[in-house]
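Participant: output the structure for:
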Amino acid sequence: MSVEVTSWADFVTAVGTSGADVVIPAETVWDMNEILPHYNQNLVINCDSINGNGAEIKNLHITGFFEVNSAVSISNITFSNILADGSGADTVTYENGFFNSRANGITSLHGVTASGIFGSGYSAIFAVQGAQGKYWDVTQSAFNFDMQNGSRVCSDYVQGVSLYACRVFVDFPSASTVRIGGLHSPTFTEFVINAPLAEQIDAYGISSCTIRGNLQNVQEIKCEVPEGEVSVYSTESAPDAVINGGTWGTQLVGVTDAQFKSAEYLRSIGFIIGVS
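Facilitator: Sure thing, here's the model as predicted:
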């Protein structure tokens, strides 16, 4: 059931409708400062798909979660300058990701860009609630988040998020341990992590990924890299880090910033770059 929406009110109704394929007209821009300055609830998603057609939803001030209750496919949309203050969210738990899926299946994001500031009610960017086998499948998307009281890209190891060809720029200003990997391996993903207080990074399952940022206090990076794969981190970002590998291997390689920027060098150590 295809539903074209031309207003925020229609959008909220349509995405909450089971079975709907929601279409936003090309190049739509909704400025929530003008439309609805304070959204005092969760944005509930029950539809089958959302095609943003390049739409931008900006300045969304939301108190709850982006709550997904169906195995929805969301594509080609930008959420810029989200202000999620956390007043409608529960006490911080492992399940409190802003993008919070309760779907019975896989939730997919493709070509989605999102940025914003997230208050004390959110511990992670993504979360999945329920049995193993449910996860976020995120491809060719970019995120730039300030997680003021968070420490995780995804809420836990069992359920999680698969990242492919993504960019994740995130501030975890109060985190002592940062988690960026899990059961569903991030692949070809760039992580720029600003976590000045963090002493440990959990980077399990990363494949052909890069890690850099403000990680000056990191003492240990726990990492399992799939066999035959190489990921790299900037030794100038985390000069005191020691790699603690698991059963898969320890092919997380520390490189200088100059080496980090050299495709030729990265290829020489087995990092896949510049290959279609």
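
Participant: buried residues in stretch 31-39?
Facilitator: Buried residues in stretch 31-39, counted by 16 or more other CB atoms under 10 Å: Asp31, Met32, Leu36, Tyr39. In this view, the C-beta of every residue, glycine as well, is placed from N, C-alpha and C.

Participant: restricted to helices, list the residues you listed.
Facilitator: Met32 (DSSP state H).

Participant: got the contact list for Phe66?
Facilitator: Counting by CB atoms under 8 Å, 6 or more residues apart in numbering, Phe66 touches Asn42, Leu43, Ile45, Phe98, Phe99, Asn100.

Participant: most widely separated two among those?
Facilitator: Ile45 and Phe98 (12.9 Å; CB to CB).

Participant: nearest residue to Tyr233 other than its sequence neighbours?
Facilitator: Ile211 (4.0 Å; CB to CB, 6 or more residues apart in numbering).

Participant: can you pull the buried residues of the helix or strand of the chain with the lowest mean pLDDT?
Facilitator: Every helix and strand of the chain was ranked by mean pLDDT, DSSP states H and E. The lowest is strand 242-245, at a mean of 84. Within strand 242-245, the residues that qualify as buried are Ile243, counting by 16+ other CB under 10 Å.

Participant: so what are the sheet partners of that strand and their directions?
Facilitator: Paired strands of strand 242-245, with direction, are strand 220-223 (parallel) (DSSP bridges).

Participant: in CSV, could you pull the C-alpha coordinates for the strand it pairs with?
Facilitator: Output in CSV follows, covering the C-alpha atoms of strand 220-223 (Å, rounded to 0.1, in the frame of the first residue of the first chain):
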residue,chain,number,x,y,z
GLU,A,220,43.2,-1.7,25.8
ILE,A,221,41.4,-2.5,22.6
LYS,A,222,39.6,-5.8,22.8
CYS,A,223,39.3,-7.0,19.2
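
Participant: next SSE after it?
Facilitator: strand 231-234 (DSSP states H and E).

Participant: could you measure from Gly105 over to Pro186?
Facilitator: Taking CB to CB, to the nearest Å as the measure, Gly105 and Pro186 are separated by 20 Å.

Participant: which one of these two has more residues nearby?
Facilitator: Pro186 (29 against 13; other CB atoms under 10 Å).

Participant: so for the more buried one, what's the pLDDT?
Facilitator: For Pro186, the pLDDT comes out at 86.

Participant: how about the nearest residue to it, chain neighbours excluded?
Facilitator: Leu163 (4.0 Å).

Participant: bridged to Thr187, which residues?
Facilitator: In this entry, Thr187 is beta-bridged to Tyr164, Ser207, by DSSP bridges.

Participant: buried ones in the longest helix out of those in the chain?
Facilitator: Assignment by DSSP H gives helix 8-15 as the longest helix of the chain. By 16+ other CB under 10 Å, the buried positions in helix 8-15 come out as Trp8, Phe11, Val12, Ala14, Val15.

Participant: got it, and stretch 146-160?
Facilitator: 146-156, 159-160.

Participant: may I have the longest helix of the chain as CSV, with CA atoms only?
Facilitator: Only the C-alpha atoms of helix 8-15 are listed here, as CSV (Å, rounded to 0.1, in the frame of the first residue of the first chain):
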residue,chain,number,x,y,z
TRP,A,8,4.8,16.0,9.0
ALA,A,9,1.4,15.1,10.3
ASP,A,10,0.7,12.8,7.4
PHE,A,11,4.2,11.3,7.7
VAL,A,12,3.6,10.4,11.4
THR,A,13,0.3,8.8,10.6
ALA,A,14,1.6,6.9,7.6
VAL,A,15,4.7,5.5,9.3
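
Participant: helices and strands around it, which ones?
Facilitator: Judged by 3 or more CB pairs under 8 Å, 6 or more residues apart in numbering; DSSP states H and E, helix 8-15 is in contact with strand 21-23, strand 43-45.
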